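# Requesting a structural model of the entry that follows:
(one chain, ligands or ions: 1)
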Amino acid sequence: MNVRRTLNLHGAGYTIYDYAIGNHIAMNNKTIFWGIGILVVGILAFYGLNAGRGADTTGVLPEVEMGAINESVKEFTMTSWVETTADGNMSPHFSLGEMRVKKGDRVRITITNTAGTHDFSLDEFGIREETPLNEPVVVEFVADKTGSFEYYCSKFNHRALGQKGTLVVEE
Ligand SMILES: [Cu+2]
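Model prediction:
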């Protein structure tokens, strides 16, 4: 999802210092460095070419696509499993009952199924992902709408038995 923003040095500077977020953002920071570099060269070239002609030097920075740069990644890790309760009933679970993100965040959920047969379903975002036993599965999507959405396992009766949780997407 791209959000159109005006490039400004304050905003770009903030993002450059924000290395703690991780690889994805760090790679984008390179893009900002190059972007600023190219912009500076462009401005110097413009001023240079027009220096002898008394050109209008009102500096209006061009608009650039900043959406991918500002997108932050929210990572979650959970397990899914099934156990048998003391009274002999099947009890399937996800280890996380809630995930909270902001609209526009890229959500990355790593799910490891440690017992039983499960999937990860989130209808409003078109996701139904099988989770084979003991094999981490990464589900990734952009939370492009606000609200509370239920994720669940679609295997027979698992949702009704409590294998579900809520993704909350805030403005
Ligand atoms: Cu299940």
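
# make it CA atoms for all contacts and neighbour counts henceforth
Fine.

# The residue of the chain at minimum distance from the ion bridge partners, please.
Closest contact between the chain and the ion, by Cα to the ion, is at H118 (3.7 Å). Beta bridges link H118 to T131 when assigned by DSSP bridges.

# isn't it right up against R128?
No - H118 lies out of contact with R128 (Cα atoms under 8 Å); the separation is 10.4 Å.

# The two: which is more packed in?
Ranked by neighbour count (other Cα atoms under 10 Å), H118 and R128 place H118 first, with 27 against 16.

# can you tell me which residues contact that one?
With contact set as Cα atoms under 8 Å, 6 or more residues apart in numbering, H118 has these partners: 80-81, 130-132, 153-155.

# So which of the residues you listed is the closest to E171?
Comparing the contacts of H118 against E171 with Cα to Cα places C153 closest, at 26.6 Å.

# give me every residue that touches that closest one.
118-121, 159, 163-164.

# Report the separation between the two terminal residues of stretch 83-94.
The straight-line separation of the ends of stretch 83-94 (Cα to Cα, to the nearest Å) is 12 Å.

# Touching it from outside, list them.
Contact with stretch 83-94 is made by 78-82, 115, 158, 161-165, as judged by Cα under 8 Å, 6+ apart.

# Buried residues in it, which are they?
When burial is assessed from 16 or more other Cα atoms under 10 Å, stretch 83-94 yields the following buried residues: 92-94.

# does it come close to the ion?
No - using Cα under 5 Å from the ion, we find that stretch 83-94 stays clear of the ion, coming within 5.6 Å at best.

# what comes up buried for the biggest strand by length in the chain?
With secondary structure taken from DSSP state E, the chain has its longest strand at strand 73-84. Neighbour counts using 16+ other Cα under 10 Å place 73-74, 79-82 of strand 73-84 among the buried residues.
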